[in-house]
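**Q** kindly generate the corresponding structure for this input.
(chains A and B)
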Amino acid sequence: MPHHPLYDKLKEIVGEQNVSDEEHVLIAYSRDASPLPPHKPDIVVRPKSVDEVVSIVQLANETKTPVMATGGRVSMCGACLPLKGGIMIDMTRMNKVLDIDEDRLVVEAEAGITWANLLYEVDKRGYKLGYRGPYSGHAATIGGSISCNSTGLGGAKWGQAPDSVVSLEVVLPTGEVLETGTAVNPYAKRFARYCFGPDLTGLFLGDHGILGVKTKVALKVYPKPEAVLYGCFGYKDLESCARAFYQIQRTGLAEDLVILCNRKSIEYILPDAATAFTGIEALFVYVIEAETQKIGEAIKEYLDSIAVKHGGIDLGTMFPEMFWNAKYEMITPLFEWGPEWAGSCHLLETTRIVEATKKSVELFKKYKFDKFGIKYIITAMCAGRTVCVFTAHPYFSSLDKKQREVVLKYWEERKREVIKYGGCFYWTGVGLYPIVVELLRKEWWNVLVKIKKALDPNCIMNPGAFKILGDVYEA
Amino acid sequence: MKLKYIKEVLDELYSCARCQECRESVKIASTGKNIYKVCPIRELLGFDAYTARGRILNIQAVVEGRLEPDKSFVEYIYTCLECGLCREVCIAKMGKGVDFVSIMEAFRKDLYENGLIMDTHRTVIKSLKENYNPYKQLHEDRLEWLDEISDQVNVKVGEHAKYVYFAGCTANHITTEIAQATVQILSKLGIDFTLLEDEWCCGFAAMIIGGEKDVKDFIEHNIEQIKKTGAKYVITSCAGCYRVFREHYIEKYKADIKVVHTVELLDTAIKEKRISFKSPGRRIRVSYHDPCHLGRHSGVYEAPRNVIKAIPDVEFVEPLRTREYTICCGGSIISSHADLSLDVAKYRLKDFDEIKPEILLSCCPFCYRNLKYGIQLERKPYEAMDLVVFIKDLIKVEKVAEEKEDISKKLASYLAVHPEIFSELKKGSILNYYIAGKIFHVEKLKDTIKVEFGEHHKADVDLFMTEKAVEALTSAKNKEEYMKTFKEMYKQGDIKYKARANLFTLARKGYVSWAKKAGLI
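**A** Numbering: from 1, shown residues only, chains lettered A, B, ... in the order given. This next block holds a predicted model:
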């Protein structure tokens, strides 16, 4: 087979070991963690430096070749699928921690580092991250997560992935390297985000890689806590559980806070716990991280009192302790029920958990999930003081054709339903772009196209995302 | 391409959720040991095509008819070490993991059936058929190593005996010092053993390629040879032979034999006080590399460590990635990708740089050979040695005075007669008990329990107890009292626990109910 037309030039940039157009390599990069069908890139490169990324992007721009930067490629909705093929930049060789500034409390790292590795590196120096990555944080990279507004661990206190970002280094589609935040000042270090004018950092957060390739990320860090304490409370009904959950969330004192919204979710996830604690219809776990044990104990006493006031039954600290210590191991085991899932996690006001749970259950019933043996979880985790990430995931096996058919049909309805009841997907991807463009305000999309056109005149970066191809520039 | 074997493992093939755990593992991090890269081939060749996820996507493409294997694809498939580390770290299926080894083994069988193997593999198969070994060595030369030590030992060949020593092709023809050391040790221990009159390759060399069908007669031949000796036990010092005997001769072919690795035999002899060791004459710092086929594939981790730790003046240091997280030596792909195989050995050796051993021990001729080459190429300041070679002159056969019973034995004996304490737990639940520097584990069987000394590498929970806790627990008259005491001791800090398994796994094994009764929650 002849090589890809850009093979030799890319070989010059990254070296022979780091470029491949072999079929088995392309197939390996053709899927993410979503149930969507494969999309192969035409060639894969693994750069080691920003200079190499610049050269790759310049080459792509000159030849008008689609280019897509990827990290762990564990998107739930096809955010990592190269719709138009082209060059896929595997960023995982750019995985170094460049600096941990202990005075400014900022860590600067290459965008291809995984959350697990970054967490480990800052931990070694006596620090912690705020937002600690998605549940897939050992594979997911910081560059990938901030590109899709990821949510996850530490969200109750620290919000979403972009909330921790101080500044970025971005290779623009035309090859220029942009610094943001205080780094726009050539005499300054990276220590703050909002300065001199509009927040250009924010422009690239959640951009799904359509506006540039993030090569460096500066994130906030915090001194590691002396004390970590836990709580877990079960309730006889979701209403009480959700009320207590919300009241604890809005104190801002919990580092992490996760709720299981119905009895079935508890039975599926923790069957033995369901047997051990009869009469529990919903439960939540919380994690406290405090400067001292004394402060931690005082916070725990306060949060426990809120939980008990709403009728909470103390279920001990075993679940949250294991949950927090296992960190990135909490989702994958659930694939026992089927390795494919139809994710619809979205941002929602925490006060609407009960309503959202009811809607989810109704839709599961409509599609007869129980009849087809489709298991699911309904859960919510926090993303700030009043917002939660509401999640209702069914799992299925692609070997079971009926399950697959039912769940994929459900998924299409579910995605629309979420937007229509006011839920907001923080991520998108191939499975959501058409719905997003159809249902969201047109002005939003028009501005997005204008920005894209200005920065990426040849529409080379992740073309097709948000339904933006070169031809929409003319329209 | 006709597919048969891969269709038998479709459930496994389609159980991968593409989470990328097989690229970097947090499972290792969660045990407090840092975060490690998983597949050495992926680290050396770079692209995610070399992770289990990448390989699964490719095999799925073949199964779904989207990809027709060609020469380049075949070479790619045979870069997999089948070492099982990706399976070990995989947390899918509630922590059980996708059995990638079974997938790869089945797929290679299909490739083999379709003639899609590499030229180097054909050479191996030709040699097996002509010489009964993969090394193109004359079959009649296989016992030359015995001649060299005939003045020191008197070894039976093809005679009636209680044990058969199965040397294996590598020890017979390449690393003969391992075969020599093994028979010297067995003789010293006074074990009634014989070599086979006509030992053929155990089958491993063909199986790793997918050519199991071509060694069926090898297995039958060897079983017949063993029968002739009347032996019920096969001893081997080769990790590859050990696994093949266990999984094929015994499980699949139902041969009426048991297989033991030499180190297991030595470990038992130590425990039974039948042997001890003398000092090597000076203090030596050693480390140990777990062979994949003895460790991950067969679960033998403790025996070699117990042997090493029993030698006076030997300082044992664990490498960075060890036991179930050991990186393969690369030996399994030496016939098809010689350079890559050595690169894997060199990659593995980096794990020993920081701990600076003088001798790097292992229990497998393949590992010994590949690590030795790696050490030579990298000019490392230490040498590789097989454990049997290291200890052969250090063994003392003598009576050792009985040790005073330790406190851990008190609890182990108590639990052994109180299986009802674990009634909430499901079959396969395993707990390690750490008491006063000693370790034992309890494994839940169907209706009873098994209590054994030593740490279990697959334990779900580790329990740490003070002597005070043991005294209190063993005074309990029944389960109710035991659990009550357990709760008190836990509250007082005399019992601590650490969960090794995932929360989901624990909840499926009954630990939540058990922990509730025990006062942990």
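**Q** CA atoms for contacts and neighbours, from now on please.
**A** Fine.
**Q** how near is B:Cys16 to chain A?
**A** Distance of B:Cys16 to chain A, given as Cα to the nearest Cα, to the nearest Å: 6 Å.
**Q** per-residue pLDDT, that residue?
**A** You'll see B:Cys16 listed with a pLDDT of 94.
**Q** for it, give me phi and psi.
**A** The phi/psi pair for B:Cys16 (degrees, to the nearest 10) reads phi -80, psi 130.
**Q** my guess is it contacts A:Trp341. True?
**A** No. The criterion here is Cα atoms under 8 Å, and B:Cys16 misses it with A:Trp341 at 11.8 Å.
**Q** same question for stretch B:118-127, mean pLDDT?
**A** What stretch B:118-127 shows for mean pLDDT is 96.
**Q** what residues does it touch?
**A** Where contact means Cα atoms under 8 Å, 6 or more residues apart in numbering or on different chains, the residues beyond stretch B:118-127 that reach it are B:71, B:74-75, B:133-137, B:205-206, B:209, B:335-336.
**Q** export only the CA atoms of it, formatted as PDB.
**A** This file holds the C-alpha atoms of stretch B:118-127, laid out as PDB (Å, rounded to 0.1, in the frame of the first residue of the first chain):
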ATOM      1  CA  MET B 118       5.300 -15.500  10.100                       C
ATOM      2  CA  ASP B 119       8.200 -17.300   8.400                       C
ATOM      3  CA  THR B 120      10.000 -17.600  11.700                       C
ATOM      4  CA  HIS B 121       7.100 -19.400  13.100                       C
ATOM      5  CA  ARG B 122       7.300 -21.900  10.200                       C
ATOM      6  CA  THR B 123      10.900 -22.600  11.200                       C
ATOM      7  CA  VAL B 124       9.800 -23.300  14.800                       C
ATOM      8  CA  ILE B 125       7.100 -25.700  13.700                       C
ATOM      9  CA  LYS B 126       9.400 -27.400  11.300                       C
ATOM     10  CA  SER B 127      12.000 -27.900  14.100                       C
END
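**Q** Three-state assignment for B:Arg285, please.
**A** Assigned with DSSP: H, G, I helix; E, B strand; the rest coil, B:Arg285 falls in the strand class.
**Q** wait, what's in contact with it?
**A** B:314-317, B:356-359.
**Q** save those residues as TSV, and put in distance to A:Gly212 and secondary structure too.
**A** Output for the contacts of B:Arg285, formatted as TSV (distance: Cα to Cα, whole Å; DSSP: H, G, I helix; E, B strand; the rest coil):
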residue	distance to A:Gly212	secondary structure
B:Val314	57	strand
B:Glu315	54	strand
B:Phe316	51	strand
B:Val317	48	strand
B:Lys356	46	coil
B:Pro357	48	coil
B:Glu358	51	coil
B:Ile359	51	strand
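**Q** so which of the residues you listed is the most crowded?
**A** When neighbours are taken as other Cα atoms under 10 Å in any protein chain shown, the top entry among the contacts of B:Arg285 is B:Pro357 (23 neighbours).
**Q** quick one, phi psi at that residue?
**A** When quoted as degrees, to the nearest 10, the phi and psi of B:Pro357 stand at phi -80, psi 160.
**Q** same thing with the one 5 residues further on?
**A** Note on B:Ser362: its backbone torsions stand at phi -150, psi 180 [degrees, to the nearest 10].
**Q** so how many other residues sit close to it?
**A** Neighbours of B:Ser362 using other Cα under 10 Å come to 24.
**Q** same check, this time on the one 4 residues further on
**A** Using other Cα under 10 Å, B:Phe366 has 23 other residues around it.
**Q** name the element it belongs to?
**A** In the assignment (DSSP states H and E), B:Phe366 maps to helix B:365-378.
**Q** extract the CA atoms of the helix or strand following that helix and return them as CSV.
**A** Next in sequence after helix B:365-378, counting helices and strands by DSSP H and E, comes strand B:383-386. In CSV, the C-alpha atoms belonging to strand B:383-386 read as follows (Å, rounded to 0.1, in the frame of the first residue of the first chain):
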residue,chain,number,x,y,z
GLU,B,383,23.9,-10.5,36.6
ALA,B,384,20.8,-12.6,35.8
MET,B,385,20.5,-16.0,37.4
ASP,B,386,17.9,-18.6,37.7
